[in-house]
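> what follows is a predicted protein model with its sequence.
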Amino acid sequence: MKISNVLLCVLSILCSVIASVVAYFYLPNIVAIHWDLQGNVDKYGSRWIALMLLPFLMVLLMLLFTLLPRIFIKKINIKQFEPTYLYCIALVMVLMGYIHIITLWKNASGQLDIRRALVGGVALFFLLVGNVMGKIRKNYWLGIRTPWTLANDGVWYATHRFSAKCMVVMALITLVGVLTGLPIEWCLALLLLSVVAPVIYSYVIFRSIKI
């Protein structure tokens, strides 16, 4: 992995571990680990689950993302866009670390709108990923992997160029919505649209080529 991406991944994991150590002294034995769309707690769990689960998953995913391309090199085939692939891995690690920290913060202080904090973080993630979607080359591991994009190089490239614009625009609108008090359901719908629209677009483009 590129050293800057490694450092970002390691830093994200380290910050998550430090947050867990600090939060240990403030959390009760039973904490909230999941919230519904209205911001109500719908699942509780042990303090240790809240402290350890995401840091453990971050380490596991970092190893997985690093080793899989080497094990299944022909299937995954990331050599053509390796810098983009590594950048996306680093962003996933940062997002997971962010989710871990805001979850602990919410449980420790209660002074946080967890829905807006979470949706805002995911929107920023979409914005940063969308910025490089057009650089992703055809593979079976990352990107808009529909039957139509995988079947045709032209459909793949057109879909990912469209997806890049769609994700960036929708993420920006979502961030504005989060900051200005737009209903959180609308914000989630915008993010969902940025994923669904490219899938539909890939089918339309594929059909137009076949016709």
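Nice, I can see it.
> now do the strand or helix carrying Ile101: distance to the chain's middle.
Using DSSP states H and E, Ile101 maps to helix 82-109. Offset of helix 82-109 from its chain centre (Cα atoms, centre = their mean, to the nearest Å): 8 Å.
> need the next SSE after that helix, C-terminal direction.
From helix 82-109 onward toward the C-terminus, using DSSP H and E, the following helix or strand is helix 114-130.
> other residues contacting that next one?
For helix 114-130, the external contacting residues (Cβ atoms under 8 Å, 6 or more residues apart in numbering) are 35, 37, 39, 88, 91, 94-95, 98-99, 102-103, 106, 163-168, 170-172, 174-175, 178-179, 184, 187-188, 191, 194. No exception for glycine: its C-beta is placed from N, CA and C like everyone else's.
> residue boundaries of the strands in this protein?
In the chain, the strands defined using DSSP state E lie at 30-35, 41-46.
> I'd like the average pLDDT over the last one.
In this case it means strand 41-46. Average pLDDT, strand 41-46: 85.
> same for it, what does it pack against?
Packing contacts for strand 41-46, counted by 3 or more Cβ pairs under 8 Å, 6 or more residues apart in numbering; DSSP states H and E, involve strand 30-35.
> can I get the strand it packs on in PDB? Just the C-alpha atoms.
Coordinates of each C-alpha in strand 30-35 appear next as PDB, following Å, rounded to 0.1, in the frame of the first residue of the first chain:
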ATOM      1  CA  ILE A  30     -25.000  -1.400  28.900                       C
ATOM      2  CA  VAL A  31     -24.900   1.100  26.000                       C
ATOM      3  CA  ALA A  32     -26.900   2.000  22.900                       C
ATOM      4  CA  ILE A  33     -25.400   0.400  19.800                       C
ATOM      5  CA  HIS A  34     -28.100   1.100  17.200                       C
ATOM      6  CA  TRP A  35     -30.600   3.900  16.500                       C
END
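> so for the residue nearest in space to the middle of the chain, what's the nearest residue that isn't a sequence neighbour?
Centroid-nearest residue in the chain, with Cα atoms, centre = their mean: Val92, separated by 5.2 Å. Nearest non-adjacent residue to Val92, counting by Cβ to Cβ, 6 or more residues apart in numbering: Leu61, 6.9 Å away.
> what does Phe81 give?
Ranked by Cβ to Cβ, 6+ apart and with sequence neighbours excluded, the top spatial neighbour of Phe81 is Arg137, at 4.6 Å.
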